[in-house]
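Novice: Please find the sequence and the predicted model below.
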Amino acid sequence: MQKIKKVCKLLIIMTTILSLAGCWDREELEDNAYVIGLGIDRSEHKGKIKVTMLIANPEVGSMQGGGGSTEKPREIISFDANDFIVAKATANSIISRDISYELLKVIVVSEDFAKDPDFLPIISSTLKDKEIRMDSYLAVCKEKASEYFLKNQPRMETRPHKYFQFMIEHGIDNGLIPDSTLFRYFSALDRGTDLFIAMYTTAEKEKNLSFKEEDQYTAGQLDVSGDLDDTQFSGAAVFKNGVMIDTLTGLDTRIINIWDDTTDIKDVLVNIPDPFIDNNKQLALRVTKTNNNKIRMNLKGVRPKIDITVPMTFTIMSNPSMTNYIQDPQKKQFLKEYLVKYTTSLFENVQEKTQTELKGSPYPLSVYARKYFKTYQEFERFNWVKSYPNADITLKPIIEIEDYGVQRKVLNNKEG
């Protein structure tokens with residue numbers, strides 16, 4: 001009986017100890033200052049960088065903070081540092097709460113510094129900080145990152161973590177910006193064979209803007225008026241061996257995202273000229289990626305041959321010419337052929353740019369090429385970087401029209 005009592009006491013003690021084991025290092029939410037956005041610029045001091053921290057106040061907008069809080073939703077500080085890891089300690093001489101990167105959403109680097117070879121060893125520091133997650137995003141801004149965060153003043157969403165979450169997620173869904181996580185950046189760097197594209201953003205609107213199609217802009221080129229924030233996300237910055245070399249428009253970025261099976265794009269809304277009316281009217285279409293691409297390669301010989309079929313589904317959202325496709329099978333077939341021809345032309349233009357100007361694949365095409373070689377040494381001797389610009393690459397869209405929209409009878413002006 002006494003043995004049973006001793007066992008029971010031991011179990012009670014062990015249960016009590018285990019229940020307390022996870023509490024010794026507990027941190028209260030209000031004890032930390034969470035860096036949501038991190039900016040990196042070239043410093044005026046040699047060997048230094050300029051670090052900008054966008055710090056969110058976790059109590060603003062929360063139940064704990066209440067609706068009548070007078071505290072600011074964010075705080076922005078900039079200073080010179082050796083790197084942004086030790087910079088946390090420096091920031092604590094200004095900020096009362098403990099600086100944390102645990103909720104870091106986006107790292108924004110100025111275009112000027114992204115083109116500097118010194119950028120690569122600086123951004124590689126993220127691999128050494130346990131608080132920085134590899135699903136944090138890398139973005140390039142046209143101006144200095146310190147100026148970008150100061151000018152970024154969202155009207156509808158004052159909480160900075162929610163603002164960047166919504167802007168980035170929606171931009172990736174519609175294909176105008178790439179899914180440029182740190183994981184993707186370092187994966188492309190490790191392969192050493194493909195380019196990497198990062199989302200492009202700015203809080204400065206360009207002067208003397210001209211009208212373009214909706215997806216042909218880069219950030220800062222969209223002419224918008226009203227009571228709103230000037231920050232724009234559109235297009236991409238192209239990186240080769242970890243350093244920025246060029247930019248892409250929203251249209252180029254959208255096409256590359258469609259080619260890339262590792263990117264999850266959802267609702268892509270586009271305009272194309274209506275083939276049945278000659279007054280610059282545009283069809284509105286919803287484009288979805290239905291399945292993964294089918295890729296076939298013949299990498300033997302002087303000029304490698306690569307054939308890629310891209311399955312896509314189109315939904316007709318508007319009909320300026322009021323064509324009744326349901327009752328006219330010939331026009332239905334003509335529209336499908338027109339969409340294939342138009343999409344193929346877009347594909348060819350972007351593909352040519354990647355081979356002649358960028359001289360690299362902006363999506364992980366080399367991963368598919370590796371399986372055609374028995375050993376990694378054979379693949380290295382093939383020299384993908386040198387072979388890609390000379391390859392004969394054919395991209396063929398396989399298009400299905402899912403819905404032609406509502407077909408209405410055209411009203412005569414004399415009727416009614």
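Specialist: Received it, and whenever you're ready, just let me know what you need. Numbers count the residues shown, from 1 in each chain.
Novice: And the strands in the stretch 1-150 of the chain?
Specialist: Counting by DSSP state E, counting those that start in this stretch, one finds strands in the stretch 1-150 of the chain at the ranges 32-42, 49-56, 74-81, 98-100, 106-110, 137-141.
Novice: Would you mind finding the most buried of these?
Specialist: Comparing the strands of the stretch 1-150 of the chain by mean neighbour count (mean count of other C-beta atoms under 10 Å), strand 137-141 comes out on top with a mean of 27. Where you see a C-beta, it was placed from the backbone N, CA and C, and this is true even at glycine.
Novice: Leu228 against Arg155, yeah?
Specialist: Yes - with contact defined as C-beta atoms under 8 Å, Leu228 reaches Arg155; the gap is 5.9 Å.
Novice: would you turn the strands of the stretch 1-150 of the chain into CSV with distance to Gln327?
Specialist: Shown next, in CSV, are these (distance: least, C-beta to C-beta, whole Å):
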stretch, distance to Gln327
strand 32-42, 54
strand 49-56, 57
strand 74-81, 57
strand 98-100, 63
strand 106-110, 51
strand 137-141, 48
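Novice: Dump those strands to JSON lines, plus distance to Ala87 and mean pLDDT.
Specialist: Formatted as JSON lines, those follow (distance: least, C-beta to C-beta, whole Å; pLDDT from 0 to 100):
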{"stretch": "strand 32-42", "distance to Ala87": "9", "mean pLDDT": "91"}
{"stretch": "strand 49-56", "distance to Ala87": "5", "mean pLDDT": "92"}
{"stretch": "strand 74-81", "distance to Ala87": "4", "mean pLDDT": "89"}
{"stretch": "strand 98-100", "distance to Ala87": "8", "mean pLDDT": "86"}
{"stretch": "strand 106-110", "distance to Ala87": "13", "mean pLDDT": "96"}
{"stretch": "strand 137-141", "distance to Ala87": "18", "mean pLDDT": "97"}
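Novice: which one of those strands lies closest to Pro117?
Specialist: Each of the strands of the stretch 1-150 of the chain has some distance to Pro117 by C-beta to C-beta; the shortest is strand 32-42, at 11.8 Å.
Novice: which residues of the stretch 301-416 of the chain score low on pLDDT?
Specialist: 406-416 (pLDDT under 70).
Novice: Can you show me the strands along it?
Specialist: Using DSSP E, counting those that start in this stretch, strands in the stretch 301-416 of the chain cover 305-316, 392-403.
Novice: Return the most buried member of those.
Specialist: strand 305-316 (a mean of 18).
Novice: which strands and helices sit next to it?
Specialist: Counting contacts by 3 or more C-beta pairs under 8 Å, 6 or more residues apart in numbering; DSSP states H and E, strand 305-316 is packed against helix 250-259, strand 282-289, strand 294-298, helix 329-353, strand 392-403.
Novice: got TSV for those, with distance to Asp194 too?
Specialist: Shown next, in TSV, are the helices and strands packed on strand 305-316 (distance: least, C-beta to C-beta, whole Å):
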stretch	distance to Asp194
helix 250-259	11
strand 282-289	20
strand 294-298	14
helix 329-353	14
strand 392-403	14
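Novice: Check those for me and report the most buried one.
Specialist: For the helices and strands packed on strand 305-316, the highest mean count by mean count of other C-beta under 10 Å goes to helix 250-259, at a mean of 25.
Novice: What are the contacting residues of it?
Specialist: 172, 174-179, 197, 213-218, 234-236, 248, 263, 265, 268, 270, 287, 289, 293, 308, 310, 312, 346-347, 350, 353, 362-363, 395 (C-beta atoms under 8 Å, 6 or more residues apart in numbering).
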